[in-house]
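Asks: sharing a model that was predicted from the sequence below.
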Amino acid sequence: MPFKQLGLPDTLVRASQAMGYAQPTPIQLRAIPAVLGGRDLIGSAQTGTGKTAAFAMPILARLGAHRKGPPRVLVLEPTRELAAQVETSFRELGRFTDLRAAVIHGGVGYGSQRAALRNGTDILIATTGRLLDFLQEKALSLAGIEVLVLDEVDRMLDMGFINDVRRIVSQCPPRRQTLFFSATVPPEIEAVARFALRDPERIEIGRARSVTETVTHKLCPVLHEQKFELLLALLNRTDFKSVIIFSRTKHGADRIARRLKAAGHPAATLHSNRSQNQRTEALAGFKSGRYDVLVATDIAARGIDVSGVSHVINFDVPEKPDDYVHRIGRTGRAAAEGDALMLVTPEESGDVRDIERFIGARIERLALDGFPYANGAPPHIDTSRPMQNPRRKGGGQHQRGGGNGGLAKGSRGQNQSRSAGGRPHGGAHPGHHPKGKPGQHWRRGGR
Ligand code: AMP
């Protein structure tokens with residue numbers, strides 16, 4: 001079904017054509033008519049499914065034309081990068097209208113944001129902290145809000161912003177339309193939804209826990225002391241266009257970037273200890289192709305849309321199973337093919353087990369042909385039995401299956417492995433190869 005049959009005005013149908021959108025994605029097919037009809041909405045959709053346009057297009061359609069006065073739409077985002085990206089989407093999709101969008105977030109000066117608010121904006125995209133600052137100094141009123149969008153609510157919960165979100169919601173007029181997006185809806189989030197929404201329509205696209213179908217994802221067993229060496233070997237042998245390397249910690253990200261630079265792979269770095277200028281420069285440099293490697297913590301894992309990311313490498317296993325899905329969702333966006341690899345030491349096998357249970361599938365093992373593995377073969381990553389570590393609470397308690405089941409969050413303790421490691425792997429060739437030449441450099445791990 002083409003965009004024009006969804007009830008969108010011509011200005012937006014033309015914008016979708018200008019953006020190169022041939023037809024609506026599944027979430028757009030369902031959300032656009034619901035939002036145009038004025039309904040509240042809870043949407044859970046996989047990352048990279050066209051969620052932003054699914055809410056931005058009908059919102060722009062409902063607003064019509066610019067009007068003087070306070071903002072009529074407020075979009076809350078968990079990170080500065082997402083806020084900036086969503087503002088860009090509103091601008092691009094609203095290019096044939098005179099509607100105005102502005103973004104406010106921390107990490108930069110107040111001056112230009114204050115000026116944007118004074119000049120008047122129809123749509124305000126914000127992170128919570130800076131928005132509360134402006135509300136406190138009465139530089140902004142939310143009394144005119146007609147549509148409130150709470151985006152990536154599970155991320156806001158993880159980042160400790162949920163009380164700020166509640167404070168902001170209670171400053172918006174009770175008569176409004178509220179759109180609520182969250183990859184998962186555990187009980188804490190359900191409670192926020194009950195507080196913020198009225199008789200919402202629920203839209204769930206795909207299983208929130210499944211890996212994007214267009215991503216081939218595998219894990220590479222390796223001993224801790226050979227991790228960086230394996231990373232380098234993968235980078236040297238893989239014909240990647242652009243790759244995001246995920247590190248669990250900011251310190252780890254800096255260290256990886258330093259070592260990559262020393263090995264002749266200059267990389268941009270994105271994490272929350274960097275200044276906003278550095279973050280903006282890193283993302284812009286990566287998007288423009290100046291850097292083909294971006295080393296990031298999970299701040300970059302949610303929602304950041306960089307087209308053409310050909311590979312994601314998890315240098316370490318993500319802290320929470322749902323972050324695995326988000327991290328590798330950076331590649332294979334909007335149905336492009338992508339590859340995701342995760343370097344795993346025997347110490348991390350318990351975390352991998354949690355991920356496998358979360359996504360409901362075993363992750364294929366890969367051994368790199370010709371790599372000088374310390375014991376002559378990659379170590380064994382045993383995910384068949386639960387961890388025996390008493391400090392680790394909640395491991396293996398994740399509910400299976402799709403939908404909005406309660407995800408046992410914050411369940412990590414310090415991981416101790418009970419895996420002996422060092423079991424030899426088999427040598428079958430996989431059907432897929434990152435360079436598109438099956439089996440040339442890769443062989444399947446035996447376990
Ligand atoms: P999002 O899930 O909002 O982050 O969108 C992911 C990517 O899909 C962005 O690059 C969008 O520009 C793109 N996109 C959104 N809607 C469509 C569509 N209908 N057809 C093709 N690409 C789209």
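Replies: Arrived safely.

Asks: rest of the way, CA atoms for contacts and neighbours
Replies: OK.

Asks: can you give me the helices in the stretch 151-300 of the chain?
Replies: Under the criterion DSSP state H, counting those that start in this stretch, the stretch 151-300 of the chain contains helices at 153-158, 162-170, 187-196, 227-237, 250-262, 276-288.

Asks: got a list of contacts for the first one?
Replies: Among residues not part of helix 153-158, those counted as contacts by CA atoms under 8 Å, 6 or more residues apart in numbering are 77-78, 162, 180-185, 189, 302.

Asks: how does it look with 7 Å?
Replies: 78, 162, 181-184, 189 (CA atoms under 7 Å, 6 or more residues apart in numbering).

Asks: what do you get for the last one?
Replies: Residues from elsewhere that reach helix 276-288, judged by CA under 7 Å, 6+ apart: 107-108, 268-270, 291-292, 294, 306.

Asks: and those residues, which is closest to Pro2?
Replies: When the contacts of helix 276-288 are compared for distance to Pro2 (CA to CA), Val306 wins out at 25.1 Å.

Asks: just to revisit the earlier point, can you redo the helices of the stretch 151-300 of the chain as CSV with mean pLDDT, mean neighbour count and distance to Pro26?
Replies: Shown next, in CSV, are the helices of the stretch 151-300 of the chain (pLDDT from 0 to 100; neighbours: other CA atoms under 10 Å; distance: least, CA to CA, whole Å):
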stretch, mean pLDDT, mean neighbour count, distance to Pro26
helix 153-158, 85, 19, 21
helix 162-170, 93, 16, 28
helix 187-196, 86, 15, 23
helix 227-237, 92, 17, 35
helix 250-262, 94, 17, 35
helix 276-288, 87, 17, 26
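
Asks: and of those, who's closest to the ligand?
Replies: Of all the helices of the stretch 151-300 of the chain, it is helix 276-288 that lies closest to the ligand, at 11.9 Å by CA to the nearest ligand atom.

Asks: quick one: distance of that closest one to the chain centre.
Replies: 17 Å (CA atoms, centre = their mean, to the nearest Å).

Asks: stretch 55-64 now?
Replies: On CA atoms, centre = their mean, the centre of stretch 55-64 falls 24 Å from that of its chain.

Asks: quick one: average confidence on that stretch?
Replies: The average pLDDT within stretch 55-64 is 97.

Asks: likewise stretch 356-369?
Replies: Mean predicted confidence for stretch 356-369 is 87.

Asks: span of it from start to end?
Replies: 25 Å (CA to CA, to the nearest Å).

Asks: buried stuff in it?
Replies: 356-360, 363-369 (16 or more other CA atoms under 10 Å).

Asks: between those residues, which sits nearest Ala233?
Replies: Leu368 (8.5 Å).

Asks: Asp164 contacts Arg130, correct?
Replies: No. Here Asp164 does not reach Arg130: they are 10.7 Å apart, not a contact under CA atoms under 7 Å.

Asks: which of the contacts of helix 276-288 are buried?
Replies: Buried, going by 16+ other CA under 10 Å: 268-270, 291-292, 294, 306, out of the contacts of helix 276-288.

Asks: can these go into a markdown table with extra columns for pLDDT?
Replies: Output for the buried ones among the contacts of helix 276-288, formatted as a markdown table (pLDDT from 0 to 100):
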| residue | pLDDT |
| --- | --- |
| Ala268 | 92 |
| Thr269 | 92 |
| Leu270 | 88 |
| Tyr291 | 89 |
| Asp292 | 86 |
| Leu294 | 92 |
| Val306 | 67 |
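
Asks: returning to that earlier point: so for the contacts of helix 153-158, which is the shakiest by pLDDT?
Replies: Thr184 (74).

Asks: how far away is that one from Ser44?
Replies: For Thr184 relative to Ser44 (CA to CA), the value is 7 Å.

Asks: cool, and Arg255?
Replies: With CA to CA as the criterion, Arg255 and Ser44 are 35 Å apart.

Asks: what residues sit buried inside stretch 66-86?
Replies: Of the residues in stretch 66-86, those buried (16+ other CA under 10 Å) are 66, 70-86.

Asks: and it with the ligand, contact?
Replies: No. Stretch 66-86 lies apart from the ligand when judged by CA under 6 Å from any ligand atom; the minimum separation is 8.1 Å.

Asks: could you tell me the end-to-end distance of that stretch?
Replies: First residue to last in stretch 66-86 (CA to CA) measures 19 Å.

Asks: distance between it and the chain's centre?
Replies: Mean C-alpha position of stretch 66-86 versus that of the full chain (CA atoms, centre = their mean) differs by 19 Å.

Asks: again with stretch 368-378
Replies: The answer for stretch 368-378 is 33 Å, by CA atoms, centre = their mean.
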